[in-house]
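Q: Based on what follows, work out the 3D shape:
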Amino acid sequence: MAQHGPIVDVHHHALLPALTGGIDLGTVDIPAWSIDDSVAFMDRMGIDVAVLSLSSPGVPYGDAGKARDMARRINETLATYIAKRPDRFAAFATLPLPDIDGALREHEYAADVLRLDGLGVMSNYGPYFGSAHYDPLFEELNRRVCPVHIHPRPPTLAANQDFGLPPSLYEFTFESTRVAVQVAYNNVFGRFPNLKLVLSHAGGTVPFLAKRLTYGPQIVAELRGKVPVDIIAELAKFYFDVAMVSGRFTLPALNALVAPDHILYGSDFPFMPVDDILESTSDVFDFVGYSGEDVRNIASQNALRLLPRVAEQLNKR
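A: As a prediction, this is how the structure comes out:
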């Protein structure tokens, strides 16, 4: 594997069923998890810092009061992990979305009191992340220049539409694409230029479909003059984590869409076997399209520019 320097893992899940209740992802096998499991995995992989985020499906959003309470308890739990090992862990705070007022209050608490390192949100809470519903939150995130990691949540499907297969197998990739299209066509980056949005799993199908995603005005004349002129440029403003990507199939398309300075390392622990994570990691660090400097940036430096507290911790070593 190529020399990569420190590794910061921005796609690393905390599974907290004692707080969230049972984790229901359809037919997905839910692994056991503890913070000690994460440390052991990180030591084996040579990961210096993991940024913890709640696993999909996140906080249930049918009851706003319950969601607010649950998000608070989750964030305080994440903060305790960091307090015990600030050299090894950071965290993306959970919000009680789509409740905007509750989300703004929880974000303030997570950032100013708990000092968490950014936000971890799901692709949809009914309204997709990127729709106008979230504009008040985007305004605050733009003001704070706060990084946001966007993870897929299983979409609502009719009976038998999942074909008996786990939603993470393919639906998650489409969820990331739906978010990207919403953000691009709603001119979210144009209106909130300081946003730092991270798509999971190399953006799902976004790199492969990038050119097709520009054809909205050709298909619907009403869109002409109402959407950004350069949709490709809007898509390239995202950051992309490389959790569970393939060097052969995914990275050539991702490399064509976005510069290496917008690519971040991610493992997707604990949902995939370690051998598969090792294979994916090797695919990224040994990809022929990346220079040694690119690999070092992907491994940690790009993330550290988004995560100043983590950068400070690593500099103390």
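Q: CA atoms for contacts and neighbours, from now on please.
A: Noted.
Q: next one: stretch 117-135 to chain centre, how far?
A: Relative to its chain's centre, stretch 117-135 lies at 11 Å (CA atoms, centre = their mean, to the nearest Å).
Q: can you give me the strands in the chain?
A: With DSSP state E as the criterion, the chain has strands at 8-14, 49-54, 89-93, 118-122, 147-151, 196-199, 239-241, 263-264.
Q: looking at those, which is closest to Tyr215?
A: strand 196-199 (21.5 Å; CA to CA).
Q: Could you check how many residues crowd around the closest residue to Ala180 other than its chain neighbours?
A: Distance criterion CA to CA, 6 or more residues apart in numbering; nearest residue to Ala180, sequence neighbours excluded, is Leu235 at 6.8 Å. Neighbours of Leu235 under the rule other CA atoms under 10 Å: 23.
Q: With His11 instead?
A: Every residue meeting other CA under 10 Å relative to His11 is counted, giving 28.
Q: so it sits right up against Met272, yeah?
A: No: contact status for His11 versus Met272: not in contact, 11.9 Å apart, counting by CA atoms under 8 Å.
Q: Buried residues, stretch 189-201. List them.
A: Residues 189, 192, 194-201 are the ones in stretch 189-201 that count as buried (16 or more other CA atoms under 10 Å).
Q: of all those residues, which comes closest to Thr177?
A: Among the buried residues of stretch 189-201, Leu199 lies closest to Thr177 (CA to CA), at 9.0 Å.
Q: Report the contact partners of that closest one.
A: 149-151, 176, 238-241 (CA atoms under 8 Å, 6 or more residues apart in numbering).
Q: Contacts only, for Val10.
A: With contact taken as CA under 8 Å, 6+ apart, Val10 is in contact with 50-52, 241, 264-267, 303.
Q: What is the helix-or-strand element of the chain with minimal mean pLDDT packed up against?
A: Scoring the helices and strands of the chain by mean pLDDT, DSSP states H and E places helix 17-20 at the bottom, with a mean of 84. For helix 17-20, the packing partners by 3 or more CA pairs under 8 Å, 6 or more residues apart in numbering; DSSP states H and E come out as helix 64-84.
Q: other SSEs contacting the helix it packs on?
A: Against helix 64-84 (3+ CA pairs under 8 Å, 6+ apart) you get helix 17-20, strand 89-93, helix 100-112.
Q: Determine which stretch of those is the most buried.
A: strand 89-93 (a mean of 27; mean count of other CA atoms under 10 Å).
Q: coming back round to it: mind checking the strands of the chain for the one nearest to Asp276?
A: strand 8-14 (14.7 Å).
Q: from the contacts of Val10, which is closest to Ala210?
A: Proximity to Ala210 was ranked across the contacts of Val10 by CA to CA; first place goes to Asp241, at 16.8 Å.
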